[in-house]
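Asks: Predicted model follows, preceded by the sequence.
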Amino acid sequence: MAKTRLIFGIVAALSATLAKFVHEICPYPLIDEIFHIPATQRYCEGNFAYWDPKITTPPGPYLLATGILKFLNVFKPTECDTKNIRMTNAFLFPILFYVLTEFCAHLHGRPKSNSMRALAVATFPLTVTFSVLFYTDMSSLLVLLLFTSSLFRGNVVLASLFAMLSLFFRQTNIVWLFFTSCISFLFSNSTTGQAIRAIDREILAIEFKPWKKYFWEEICSVGIHFLYRLVLDISSLKYIFAFTFPLFSSLGAFIIFLQINGSIVLGDKDAHTAVFNPAQLLYFSLFTCIFALPCFVANLFDALKFSYQNLFKFVVLTVISFLFISNYDVVHPYNLADNRHACFYAWRFLHKYRAFLPPVYAASILGVSYLLPRSFLWSFAFWICTGATVVPQKLFEFRYFMVPFTMVLIFSQKLSCRLQIIWNLILLAAWLFIFKTKELDWKSEDQIQRIIW
């Protein structure tokens with residue numbers, strides 16, 4: 001506990017220092033901050049009816065930042081300016097670290113490595129970046145993790161509260177509420193949890209050979225076990241209903257929102273229309289393998305063995321990747337014009353060499369599969385939910401990958417905490433160097449623009 005407190009204090013101090021450093025380089029609203037910071041300032045003034053039509057997400061982050069600043073103002077005069085609004089996100093970062101530490105302790109037991117695992121997850125460069133700038137991703141991720149931690153601990157009431165709150169920060173959180181609700185049963189000590197884990201192991205044990213008779217017999221066996229141990233078991237149904245109540249109550253609110261709004265996007269709907277862009281799963285897989293590179297380095301021979309055992313899947317995935325790239329060449333105007341994002345340069349590279357990349361994408365998908373827990377339910381729910389959040393996106397944006405990547409690091413048994421922290425710090429230092437030294441002139445902006453993720 002003393003070690004965790006010490007690390008918490010260090011994280012808080014470094015978070016504030018980094019926020020100050022970034023603000024000294026760029027003391028004015030940058031890129032999307034030109035929408036988020038003025039909205040928060042209007043809220044600080046009590047104008048809660050204010051809304052910029054360019055804002056696409058709910059007002060939760062603005063309300064939270066306003067509440068923090070009003071609270072601080074009780075003890076010391078605190079202006080609602082760019083610096084202090086950014087500092088509210090920096091203030092949330094050590095809280096995020098604490099939540100991660102407690103959740104990892106619950107999930108993996110209480111070895112000394114829990115604080116290191118939490119640090120490996122929290123220092124993910126995008127999370128750190130959007131904790132020192134005022135973007136909505138930081139607070140959204142925090143509330144989502146609070147829901148996850150509460151549900152895994154069996155506190156359904158608190159989980160229901162955080163589930164509802166999460167929708168005030170990001171609409172797509174409804175998908176991750178579903179994901180967490182599904183996988184929570186795998187970690188339950190209840191009779192229902194034991195039954196679900198047993199069925200999950202039975203599915204994993206099935207060898208995928210549909211042309212063999214025993215394959216269908218095994219499928220039928222799993223179906224019968226599912227029917228008798230879950231569907232027809234009243235106690236199991238009651239348990240499942242209780243632990244999915246936070247999800248369904250939030251789903252009801254989400255459906256009402258869709259009926260009223262007519263779309264999942266609040267503002268700037270023309271620039272954020274839903275499309276079918278399966279190539280996003282390829283980009284996500286490559287992104288994950290790059291940012292989780294230490295996991296493969298630390299388990300090199302095991303990873304190579306896994307790859308060798310899945311050569312046929314590699315060939316199939318290469319063909320599928322080629323078909324995705326060839327038939328779904330979705331291009332968003334922002335990816336062609338906004339050079340203030342690292343994804344602008346990544347997109348140019350991926351698009352230029354797209355004909356040669358299907359094998360790389362196939363290897364990346366296998367790489368992500370290698371990192372996931374050995375569970376059919378976990379993996380199936382993960383890919384479905386990741387697809388549901390990224391495939392409809394026309395815009396190639398690293399921030400869309402933050403939640404699924406964070407889930408991979410939290411649950412993966414392949415994580416090398418020390419190597420991951422070092423890799424995170426190297427990538428973060430590289431971004432800070434570019435952020436400080438690279439200046440961009442935009443005719444539409446009065447201030448110097450800089451590069452973020």
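Replies: Structure received.
Asks: lowest-confidence helix or strand of this protein?
Replies: Scoring the helices and strands of the chain by mean pLDDT, DSSP states H and E places helix 213-226 at the bottom, with a mean of 70.
Asks: buried residues in the helix or strand just after that one?
Replies: As assigned by DSSP states H and E, the chain's next helix or strand after helix 213-226 is helix 234-261. Across helix 234-261, burial judged by 16 or more other C-beta atoms under 10 Å covers 236, 239, 240, 243, 244, 245, 246, 247, 250, 251, 254, 257. Using the backbone N, CA and C atoms, a C-beta is placed for each residue, glycine as well.
Asks: ok, residue 235 to residue 195 distance?
Replies: Relative to residue 195, residue 235 is positioned 10 Å away (criterion: C-beta to C-beta, to the nearest Å).
Asks: Touching, residue 404 and residue 387? I think so.
Replies: No - counting by C-beta atoms under 8 Å, residue 404 sits too far from residue 387 to count as a contact (9.7 Å).
Asks: Specify which residue of these two has the higher count of neighbours.
Replies: When neighbours are counted by other C-beta atoms under 10 Å, residue 404 and residue 387 differ, and residue 404 comes out ahead with 22 against 16.
Asks: which residue packs closest to that one, ignoring adjacent ones?
Replies: In this structure, residue 404 finds its nearest non-sequential neighbour in residue 386, 4.5 Å apart by C-beta to C-beta, 6 or more residues apart in numbering.
Asks: Tell me the first helix or strand C-terminal of whichever strand or helix holds that neighbour.
Replies: Using DSSP H and E, the element containing residue 386 is helix 376-390. Counting by DSSP H and E, the next helix or strand C-terminal to helix 376-390 is helix 402-411.
Asks: Name the residues that touch that next one?
Replies: Helix 402-411 is contacted by residues 100, 103-104, 107, 117, 120-121, 124, 126-127, 130, 137, 141, 144-145, 176, 179, 284, 287-288, 291-292, 368, 371-373, 378, 382, 385-386, 389-390, 415, 420 when judged by C-beta atoms under 8 Å, 6 or more residues apart in numbering.
Asks: do the same with stretch 91-100
Replies: With contacts defined as C-beta under 8 Å, 6+ apart, stretch 91-100 is touched by 7-8, 11-12, 15, 68, 117-119, 121-122, 127-128, 131, 138-139, 141-142, 145-146, 149, 410.
Asks: Next, check the residues you listed against the helices and list the overlap.
Replies: Among those, DSSP state H puts 7-8, 11-12, 15, 68, 117-119, 121-122, 127-128, 131, 138-139, 141-142, 145-146, 149, 410 in helices.
Asks: ok, of those residues, which come out buried?
Replies: Using 16+ other C-beta under 10 Å, the buried ones in those are 7-8, 11-12, 15, 68, 117-119, 121-122, 127-128, 131, 138-139, 141-142, 145-146, 149, 410.
Asks: need the contact list for the closest residue to residue 162 other than its chain neighbours.
Replies: Closest residue in space to residue 162, ignoring its immediate chain neighbours: residue 147 at 3.7 Å, by C-beta to C-beta, 6+ apart. Under the criterion of C-beta under 8 Å, 6+ apart, the contact partners of residue 147 comprise 159, 162, 163, 165, 166, 177, 180, 246.
Asks: and with 10 Å instead?
Replies: Residue 147 sits next to 158-166, 173, 176-177, 180-181, 246-247, 250 when contact means C-beta atoms under 10 Å, 6 or more residues apart in numbering.
Asks: And it, how far from residue 287?
Replies: 24 Å.
Asks: likewise residue 67?
Replies: Applying C-beta to C-beta, the value for residue 67 to residue 287 is 33 Å.
Asks: Looking at these two, which one has more neighbours?
Replies: residue 287 (21 against 12).
Asks: from what I can see that one touches residue 347, true?
Replies: No - applying C-beta atoms under 10 Å as the test, residue 287 and residue 347 come out as separate, 11.9 Å apart.
Asks: where does the stretch 201-350 of the chain have low pLDDT?
Replies: Applying pLDDT under 70 to the stretch 201-350 of the chain flags residues 209-219, 228, 232.
Asks: Check the gap between residue 182 and residue 383 for me.
Replies: Taking C-beta to C-beta, one finds residue 182 at 12 Å from residue 383.
Asks: Which one of these two is surrounded by more residues?
Replies: Using other C-beta under 10 Å as the criterion, residue 182 and residue 383 rank with residue 182 on top: 19 against 16.
Asks: Next, the buried residues of whichever strand or helix holds residue 304.
Replies: Counting by DSSP H and E, the element that carries residue 304 is helix 300-309. Neighbour-count burial for helix 300-309, counted by 16+ other C-beta under 10 Å, picks out 303, 306, 307.
Asks: Tell me who's in contact with the last one.
Replies: Contacts for residue 307 were tallied using C-beta under 10 Å, 6+ apart; they are 296, 313, 314, 363, 366, 367, 370.
Asks: that older thread, hey, what's in contact with both of residue 287 and residue 347?
Replies: residue 396.
Asks: Assess the claim that residue 175 and residue 391 are in contact.
Replies: No - Residue 175 is not in contact with residue 391 according to C-beta under 10 Å; the separation is 11.2 Å.
Asks: Pull out the buried residues from the helix or strand where residue 295 lies.
Replies: Per DSSP H and E: residue 295 is located in helix 293-298. Residues of helix 293-298 classed as buried by neighbour count (16+ other C-beta under 10 Å): 294, 295, 296, 298.
Asks: Check the closest residue to the last one other than its chain neighbours and give its pLDDT.
Replies: What that stands for is residue 298. Once flanking residues are discounted, residue 298 sits nearest to residue 416: 3.5 Å by C-beta to C-beta, 6+ apart. Residue 416 is assigned a pLDDT of 92 by the prediction.
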